[in-house]
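K.L.:
need a 3D model of the following:
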Amino acid sequence: MKRGKKYQEAVKKIDRTKAYGLDEAVGLVKDLAFASFPETVEVSVKLSLKKSQSVRDTVVLPNQFSAQKKILVFAKGEKAQEALDAGAAYVGDNDLIEKVRGGWLDFDVAVATPDMMKDVGRLGPILGRRGLMPNPKTHTVTNDIKEALAELNKGRVEFRSDKTGVVHLAVGKVNMEKDLIVENARVAIEEIMRRKPSDAKGDFVLSVALSSTMGPGVHIDVKSLLASSKN
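P.N.:
Residues are numbered from 1 along each chain as shown. Below you'll find the predicted structure:
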């Protein structure tokens, strides 16, 4: 894939033989961002996983950087009222299920109470391929609607390993203060590290890189991350 001149210039400023500390890497990614919009900063963590293993969970990043999510809640009765009181954009049961079945998807996150999942589960072909299906593993199937919405609005995001064993997760914008991005990245990486499968052997984290939307990746010193996560 041919890269543009600005990208090539940015690559020249990175020492490819060096693994950077997280703080230095964030500063470099910020300095090298060249797009006309505030690029997203993403961390990519390469994990040692067998084909039968995967890593999937959620993490609450301490520093918000994205627009408030439009949250849909599938719930009835008191739980529906709880969702409305907690600020859900859309709340309903069969009416919303039918609306989604008809092709409407104007929301960012879907949450459901456990009693709704028998019916919501029928939306699997629609919600599943878009990553919107409520799931207990991501705390989006719950009776504690108030807490779930509070965490989602604070910045709770889902992460999962792809087919190659890499977790990609947005941790900030290049126009944020460096320390805020560093804090988000550290929390995200440490949470991913904690999700090592019980049957995984040897080194779990193989490599970590940080990049902006348009910029090149900056490799991070994994040993220093592992050491800091134990402190």
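K.L.:
now do the SS call for K46.
P.N.:
The three-state label for K46, taken from DSSP: H, G, I helix; E, B strand; the rest coil, comes out as strand.
K.L.:
check F65 too.
P.N.:
Local secondary structure at F65 is given as coil here, using three-state DSSP.
K.L.:
next one: the longest helix along the chain to chain centre, how far?
P.N.:
Scanning the chain for the longest helix, with DSSP state H as the assignment, gives helix 178-194. Averaged C-alpha coordinates place helix 178-194 at 11 Å from its chain's average position (Cα atoms, centre = their mean, to the nearest Å).
K.L.:
for the helix or strand just after that helix, which strands pair with it and how are they oriented?
P.N.:
Heading C-terminal from helix 178-194, the first helix or strand you meet, by DSSP states H and E, is strand 205-212. Looking at strand 205-212 with DSSP bridges, its partner strands are strand 40-47 (antiparallel), strand 218-220 (antiparallel).
K.L.:
what sits against Y7?
P.N.:
34, 214-216 (Cβ atoms under 8 Å, 6 or more residues apart in numbering). The way it works is simple: take the backbone N, C-alpha and C, and place the C-beta from them, glycine included.
K.L.:
where does it land in three-state SS?
P.N.:
Using three-state DSSP, the structure places Y7 in helix.
K.L.:
ranking helices and strands of the protein by mean pLDDT, which lands last?
P.N.:
helix 222-230 (a mean of 73; mean pLDDT, DSSP states H and E).
K.L.:
next, count neighbours for I71.
P.N.:
Here the neighbour count serves as a burial measure; for I71 (other Cβ atoms under 10 Å) it reads 23.
K.L.:
show me what it bridges to in the sheet.
P.N.:
Here I71 shows beta-bridge partners V109, assigned using DSSP bridges.
K.L.:
which pLDDT value goes with it?
P.N.:
At I71, the model reports a pLDDT of 95.
K.L.:
and for L105?
P.N.:
Value listed for L105 in the pLDDT field: 94.
K.L.:
give me the distance between it and Y90.
P.N.:
According to Cβ to Cβ, to the nearest Å, L105 and Y90 sit 11 Å apart.
K.L.:
the two: who's more crowded?
P.N.:
A direct count of neighbours by other Cβ under 10 Å for L105 and Y90 places Y90 higher, at 19 against 13.
K.L.:
can you tell me, leaving aside adjacent residues, what's nearest to that one?
P.N.:
Ranked by Cβ to Cβ, 6 or more residues apart in numbering and with sequence neighbours excluded, the top spatial neighbour of Y90 is L72, at 4.4 Å.
K.L.:
okay, buried residues for stretch 176-183 please.
P.N.:
Neighbour-count burial for stretch 176-183, counted by 16 or more other Cβ atoms under 10 Å, picks out 176, 178, 180-183.
K.L.:
Serialize those residues to TSV and add fields for distance to S52.
P.N.:
Supplementary listing: these in TSV, determined by distance: Cβ to Cβ, whole Å:
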residue	distance to S52
M176	38
K178	39
L180	37
I181	34
V182	34
E183	34
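K.L.:
and L105, what does it touch?
P.N.:
The neighbours of L105, taking Cβ under 8 Å, 6+ apart as the test, are 126, 130, 132.
K.L.:
good, we can wrap up now.
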